[in-house]
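[1] I would like to see how this sequence folds:
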Amino acid sequence: LAANDVARSLHLTRRDPLFASLGLARQGAIHGAAQDRTSARRAFDQAQGALDRADSEAPRPVWLTAFYDQAELNSLALSAYLALGEYPTAEAHAHQCLSALRPYMARSRAIATTRLAHAQLAQGDADAAVASAMKVPASAATQPARVSRRLQEFGAALRATAQGSSTVQTWTEHTAAWRTSA
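    I've put the predicted structure just below:
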């Protein structure tokens, strides 16, 4: 939080709304992880406002424009609202993130899809959650540690909440196919 406060106070951040938006979105994610609902919501509202004001034609470093956009802001909000237990809001941000992601961002898509499945499962919709989780390609489900770990957590939560259901059986069969293709 302190490091992000320092970054947000830089002249560049005060001058360019895109840099400000990134700092505010990260601040929102930090507040979400810290369970500070009010500050998280305020930071994401301000981040969205700054992103809306940013001139998309202004020259900026490639490292910034390569990853920070509406999809990334929604991804950070998704993470924060999941941590806060605000699952309907997290799901909404997941859908917005997925619709805004650039086609080549396969890893980000896998992460957002996995988080979407968690949000849906936490709302009691196991069928939608499994349908979402099954959209993660086998290569993404078995390779990046962050994705595979979250899918393992998803499977454990699914078994705990829908034990013995056909949905659990569908998920079990699907993950078995991942292991044989990996």
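
[2] what's around the residue nearest to residue 170 when sequence neighbours are not counted, how many residues?
    Counting by C-beta to C-beta, 6 or more residues apart in numbering, the nearest residue to residue 170 once its immediate chain neighbours are dropped is residue 130, at 5.9 Å. C-beta here means a position set from N, CA and C on the backbone, and glycine is covered the same way. Using other C-beta atoms under 10 Å, residue 130 has 23 neighbouring residues.

[3] Which helix or strand contains residue 130?
    Counting by DSSP states H and E, the secondary-structure element that holds residue 130 is helix 126-133.

[4] distance of the residue with the largest distance to the centre of the chain from residue 128?
    With distances taken as C-alpha atoms, centre = their mean, the residue sitting farthest from the centre of the chain turns out to be residue 164, at 29.2 Å. Residue 164 sits 19 Å away from residue 128, going by C-beta to C-beta, to the nearest Å.

[5] cool, and residue 148?
    If you measure residue 148 against residue 128 using C-beta to C-beta, the figure is 21 Å.

[6] for this structure, what are the low-confidence residue spans?
    Within the chain, the stretches with pLDDT under 70 are 1-14, 144, 181-182.

[7] Which stretches in this structure count as helices?
    Under the criterion DSSP state H, the chain contains helices at 2-8, 11-15, 17-33, 37-53, 62-65, 70-84, 87-100, 106-122, 126-133, 138-142, 145-161, 166-181.
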